[in-house]
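> When you get a sec, could you give me coordinates for this:
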Amino acid sequence: MIKYTFKLILMFSLLFSSASFAGYITTDLTDDTYITYKGYDWTWAAPVSVTNLSGIDPTTDVDVDNVFEDPTVHTGWMAIIDNEIKQLFAELTLSHFQRNGEIIQSVAYWNSHFVHVDIADFNIKVGVKGADGYIYEENDTFYVRNIADRPTAQVPEPSTLMIFAIALIALSLRKRAIQ
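Residues are numbered from 1 along each chain as shown. Below is the predicted model:
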């Protein structure tokens with residue numbers, strides 16, 4: 001009887017645990033790839049400002065054809081076009097994008113080949129990706145997301161009471177079997 005009860009409890013726990021979920025999966029950006037400043041999330045998205053760029057990747061010295069994605073590829077992110085956001089963008093300094101000596105950037109999430117940023121080009125940063133053939137392709141591009149628009153996922157509370165009840169039933173059945 002005890003073996004049957006444990007099998008039943010195991011079956012129920014596996015049944016209910018497989019239905020639980022947690023975390024927001026739609027966006028790929030992790031917390032260490034952007035900063036939060038004055039109500040907005042800011043990310044250093046690319047060392048270029050054009051959609052397609054053929055050239056030598058300075059980190060690998062290999063000729064690549066990079067594709068730089070639009071901000072809408074990831075949920076909630078947008079180009080910096082609003083005047084209020086542009087003013088905040090102008091306030092940002094290189095030190096805002098540094099943590100423990102490391103540069104905070106998300107280039108790998110937006111580009112097909114590039115995984116680096118050009119620290120020397122920080123002062124010629126732009127918030128809008130230019131059209132193909134844009135004359136200032138060396139501008140580093142940044143994207144922004146409003147914290148209020150940040151996607152949130154509600155994680156359901158696990159069936160703690162049910163698991164506790166099953167454990168009490170199993171304990172009482174075990175005591176009966178021992179006596």
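
> Do a quick rundown of the strands in this structure.
Using DSSP state E, the strands of the chain run over 35-37, 40-46, 52-57, 62-67, 98-99, 102-103, 141-146.

> want to try a markdown table for the ones you listed, with mean neighbour count and mean pLDDT as columns?
In this view, the C-beta of every residue, glycine as well, is placed from N, C-alpha and C. Shown next, in a markdown table, are those (neighbours: other C-beta atoms under 10 Å; pLDDT from 0 to 100):
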| stretch | mean neighbour count | mean pLDDT |
| --- | --- | --- |
| strand 35-37 | 16 | 92 |
| strand 40-46 | 25 | 89 |
| strand 52-57 | 14 | 73 |
| strand 62-67 | 13 | 79 |
| strand 98-99 | 12 | 92 |
| strand 102-103 | 12 | 92 |
| strand 141-146 | 23 | 89 |
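
> Of all the ones you listed, which one is nearest D82?
strand 141-146 (8.8 Å; C-beta to C-beta).

> ok now stretch 81-100, how far from the chain's centre?
19 Å (C-alpha atoms, centre = their mean, to the nearest Å).

> do stretch 50-70 as well
22 Å.

> Any idea how far apart the tips of that stretch sit?
Criterion C-alpha to C-alpha, to the nearest Å; first-to-last residue distance in stretch 50-70 is 10 Å.

> Repeat that for stretch 102-114.
17 Å.

> List of residues touching it?
The contact list for stretch 102-114, computed with C-beta atoms under 8 Å, 6 or more residues apart in numbering, reads 28-29, 32-35, 43-48, 57, 59, 64-69, 73-74, 97-98, 115-117, 119, 143.

> Find out how far that stretch is from the centre of the chain, if you would.
On C-alpha atoms, centre = their mean, the centre of stretch 102-114 falls 12 Å from that of its chain.

> swap in stretch 108-115?
14 Å.

> all helices of this structure, in order?
2-17, 83-91, 107-110, 160-178 (DSSP state H).

> which of those helices has the lowest average pLDDT?
Mean pLDDT values for the helices of the chain show the minimum at helix 2-17, a mean of 72.

> residue closest to the middle of the chain?
Nearest to the geometric centre of the chain sits L29, at 1.8 Å (C-alpha atoms, centre = their mean).
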